[in-house]
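Peer 1: here is a sequence with its predicted model. Questions after.
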Amino acid sequence: MKTLLESASIRIESWLSESDERSLANDVLDGLTKPFKEVPPKHFYDARGSELFERICELPEYYPNRAERAILDGEADAIVAATRAGDLVELGSGSADKARILLDAMARAGTLRRYVPLDVSERVVEEAACRLVEEYDGLRVHGVIGDFQRHLDRVPRAGGVPRIVALLGGTIGNFPPGTRRALLRDIRMVLRPEDRLLLGTDLVKDPAVIEAAYDDEQGVTAEFNRNVLHVINRELGADFSPGAFDHIAFFDRRNEWVEMRLRARRPCSVMIGDLGLRVEFAAGEELRTEISAKFTRARVEADFEAAGLALDRWFTDSDDLFALSLAGCR
Ligand code: SAH
Ligand code: AVI
């Protein structure tokens, strides 16, 4: 563990180690040597990827961000009243924009004590920490730079106060069903009886609306998708030509998830220097870069059941686009 910043109001720790740095190498080695090539979406989020995601959130087509914010705007006080939370732990915190809505409600209720953002991206954790301690009197921020699939045990202990552990934005949908339940089980392990999970899930709806959200007119999502190739080029000395890949997004009706892929426009041979690996792409061959599952209430409840969690409250926006679930240990 490396302490990156320590002051009266901020502590930032990085738990990313050499083995996490190798995780990109391992994922690329495993994923690009499969008959159907894929790379997990975690690797989108270098500084540029995080910035592109923030731009996606502002796009007219990308409804999940606005819908989730609308729910939080309307229900944050009820969520805080139901939990009496003093600590907000946010997994995959990103820009922490939605955390603010909850922190405001905690401040209004007089319970606000500490914010704990956990993200693989160092930049977003540092920026959020520095901004938020300026904005909230007496707030402590304990930032954890880490992987929530590996470092949940690094979330600091809560002391005497109840916690909200939030996983917002629909990030849970970026994991395939088995991994998703394993992650919920891991989260369940860090919840005490008085803590609650606050989970954001995008809902099943008209496929045209979903596909537009992942293939916007301005091409920001396409750039975000191709960013993973820039990350592999820089981190692993590869020679992908990102411009030689088309952005593909389609809704898989059977699995009820949207898939993002990169499709090679022409045959190409890519050298991943650090791995000594040459990868061939045929013309039209696709690399899967993300799934984003869409949910129903029944699917969320089934996932909770499998993870030892129980749904307490279910909130949706007025158009039923997105849901927030408050859940506790069973
Ligand atoms: N919660 C924010 C950001 C969502 S984007 C919102 O609702 O707008 C997803 C965030 O999760 C990114 O900041 C990314 O860096 C982070 N992330 C993705 N996989 C992660 C992992 N395995 N561990 C920790 N953070 C992760
Ligand atoms: C972070 N995650 C929930 C986003 C999603 O909608 O699945 C990432 C994203 N991919 C394309 N656009 C946004």
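Peer 2: Received, thanks. Nothing here was measured: the structure is a model prediction, and the numbers come from that model. Ligands and ions are numbered 1, 2, ... in the order given.
Peer 1: could I get the full set of helices for the stretch 151-300 of the chain?
Peer 2: Counting by DSSP state H, counting those that start in this stretch, the stretch 151-300 of the chain has helices at residues 177-190, 207-213, 220-236, 297-307.
Peer 1: typo on my end, it should be the stretch 1-150 of the chain
Peer 2: Using DSSP H, counting those that start in this stretch, helices in the stretch 1-150 of the chain cover 18-32, 47-57, 63-83, 97-109, 122-135.
Peer 1: need the ones you listed in TSV with mean neighbour count and mean pLDDT, can you?
Peer 2: To be clear about C-beta, it is placed using only N, CA and C from the backbone, and glycine gets the same treatment. Shown next, in TSV, are the helices of the stretch 1-150 of the chain (neighbours: other C-beta atoms under 10 Å; pLDDT from 0 to 100):
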stretch	mean neighbour count	mean pLDDT
helix 18-32	15	87
helix 47-57	18	96
helix 63-83	19	98
helix 97-109	20	97
helix 122-135	18	94
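Peer 1: so which bits of the stretch 201-330 of the chain are right by ligand 2?
Peer 2: 214, 221, 290, 292 (C-beta under 6 Å from any ligand atom).
Peer 1: pretty sure the last one sits against residue 172.
Peer 2: No: if you go by C-beta atoms under 8 Å, residue 292 and residue 172 don't touch, sitting 9.8 Å apart.
Peer 1: neighbour count: these two, which is higher?
Peer 2: Set residue 292 next to residue 172 and count neighbours by other C-beta atoms under 10 Å: residue 172 wins out with 26 against 22.
Peer 1: give me the residue from the protein nearest ligand 2.
Peer 2: Closest to ligand 2 within the chain is residue 292: 3.2 Å, counting by C-beta to the nearest ligand atom.
Peer 1: how much space between that residue and ligand 1?
Peer 2: Per C-beta to the nearest ligand atom, to the nearest Å, residue 292 is found 11 Å from ligand 1.
Peer 1: and residue 177, how close does it get to ligand 1?
Peer 2: Look at residue 177 and ligand 1: by C-beta to the nearest ligand atom, they are 17 Å apart.
Peer 1: tell me how many other residues crowd that residue.
Peer 2: By other C-beta under 10 Å, 15 other residues sit near residue 177.
Peer 1: per-residue confidence at it?
Peer 2: Per-residue pLDDT puts residue 177 at 94.
Peer 1: list the contacts of it.
Peer 2: Shown in contact with residue 177 (C-beta atoms under 8 Å, 6 or more residues apart in numbering): 293, 303.
Peer 1: same question for residue 296.
Peer 2: Applying C-beta under 8 Å, 6+ apart to residue 296 gives the contacts 203, 204.
Peer 1: neighbours of whatever residue of the stretch 101-250 of the chain ends up closest to ligand 1, how many?
Peer 2: At 2.4 Å from ligand 1, residue 169 is the closest residue in the stretch 101-250 of the chain, using C-beta to the nearest ligand atom. A count of nearby residues for residue 169, using other C-beta under 10 Å, gives 23.
Peer 1: one more: residue 330?
Peer 2: Residues lying near residue 330 (other C-beta under 10 Å) number 11.
Peer 1: do residue 202 as well
Peer 2: 24.
Peer 1: residue 291 too?
Peer 2: With neighbours defined by other C-beta under 10 Å, the count for residue 291 comes to 19.
Peer 1: if I look at the closest residue to it other than its chain neighbours, how far off is ligand 1?
Peer 2: Distance criterion C-beta to C-beta, 6 or more residues apart in numbering; nearest residue to residue 291, sequence neighbours excluded, is residue 257 at 4.6 Å. As for residue 257, its distance to ligand 1 is 16 Å (criterion: C-beta to the nearest ligand atom).
Peer 1: over to residue 8?
Peer 2: Going from residue 8 to ligand 1 by C-beta to the nearest ligand atom gives 26 Å.
Peer 1: confidence score at the residue of the stretch 101-250 of the chain closest to ligand 1?
Peer 2: We have a pLDDT of 98 for residue 169.
Peer 1: same deal with residue 6?
Peer 2: Taking residue 6 on its own, its pLDDT is 87.
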